[in-house]
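# output the structure for:
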Amino acid sequence: MRARRYAACCAVANRRNRTTGVEVVIEAWIVGGLIGYLLGSVPTGLWIGKWRGGEDIRASGSGRTGATNTFRALGLRWSVTVLVLDAVKGALPILIVMAVWDSPTGEVAAGLAAVVGHQFPLYAGFRGGRGAATALGAMIAIMPMGALFALGTALPILLRVKVMSLATLTGATSAAIGISLLAAYGHAPDAYIAYAVGTWLLVLVGHKDNIERIASGTERVLSMGRTAT
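As a prediction, this is how the structure comes out:
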């Protein structure tokens, strides 16, 4: 009789633990995603442009708020500032999820939501950047090796041909493949595959017009004179 009661108590405890685990995952997804979107929505390039002189950088160049268009509008120093801040927007919500819930799926939700927030910012009329820097920051927080894959392929292309969009697309593709392979062989949580593929798709969507110009040979080339050809 005691043995049966003990077994029944253990079964109830296991069900409660499973329920608690599911609740934690759902909470991490919802709250992490919300935090990610709200932080990702901060339009750093737009706000810095207005602070610097009232300029809406979306009125020139590519019409975006990211580091590349900031470079065209405001120069290298402010472009680097925007790059760093946009990367922080991607990393911070993931670090919060790691500290509070320790949920890989929550980390994925926070990271993807941050990229979506950057592309469609709540605080800037849903007209933002392409998401590359924010995706990179999230990747550094989730899996630094993925960021190495991205930078290791993107930087040589950028230095060689000076086409930022081509470098970004190549880096995003290599990171997606690298993270997926690492997860497939047990070196990372399976949930990270969703982040890698999801980020890759978001970056592709954000660079749709760039892809068309690359295909036609009319894509802009970066120059230290801040011009685009």
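# remind me which residues of this protein are low pLDDT?
Counting by pLDDT under 70, the chain contains low-confidence residues at 1-21, 224-229.
# pick out the residue nearest the middle of it.
A135 (2.0 Å; CA atoms, centre = their mean).
# what lies in contact with the helix or strand containing that residue?
For A135, the element it lies in under DSSP states H and E is helix 132-142. Residues from elsewhere that reach helix 132-142 (CB atoms under 8 Å, 6 or more residues apart in numbering): 40, 66-67, 82-83, 86-95, 98, 107-108, 110-112, 114-115, 117-118, 146-147, 150-151, 168, 171-172, 175, 179, 192, 195, 199, 202-203, 206. No exception for glycine: its C-beta is placed from N, CA and C like everyone else's.
# likewise stretch 201-214?
Taking contacts as CB under 8 Å, 6+ apart, the residues outside stretch 201-214 that touch it are 112, 115-116, 119, 129-132, 135, 163, 165-166, 168-169, 172, 219-220.
# next: stretch 62-69.
Residues beyond stretch 62-69 that count as contacts (CB under 8 Å, 6+ apart) turn out to be 43-46, 57-58, 60-61, 72, 79-80, 82-83, 86, 118, 121, 124, 127-133, 164, 220, 222, 228.
# roughly how far apart are the closest residue to G152 other than its chain neighbours and A196?
Taking CB to CB, 6 or more residues apart in numbering, and ignoring the residues beside it in sequence, G152 has S174 as its nearest neighbour in space, at 7.4 Å. The spacing between S174 and A196, counted by CB to CB, to the nearest Å, is 10 Å.
# these two: who's more crowded?
Comparing S174 with A196 by other CB atoms under 10 Å, the one with more neighbours is A196, at 27 against 19.
# got the contact list for the residue lying closest to the more buried one once chain neighbours are set aside?
Distance criterion CB to CB, 6+ apart; nearest residue to A196, sequence neighbours excluded, is I179 at 3.9 Å. For I179, the contacting residues are 139, 143, 145-146, 149, 188, 192-193, 195-196, by CB under 8 Å, 6+ apart.
# show me these that map onto helices.
In helices, defined here by DSSP state H, the members of the contacts of I179 are 139, 145-146, 149, 192-193, 195-196.
# with these in mind, which one is nearest to D102?
Distance to D102, by CB to CB, is smallest for Y192 among the ones in helices among the contacts of I179, at 14.3 Å.
# the closest one and G111 touch, don't they?
No. Y192 is not in contact with G111 according to CB atoms under 8 Å; the separation is 9.5 Å.
# quick one: which of these two has more around it?
Summary of the neighbour comparison: Y192 and G111, criterion other CB under 10 Å, with G111 having more neighbours (31 against 23).
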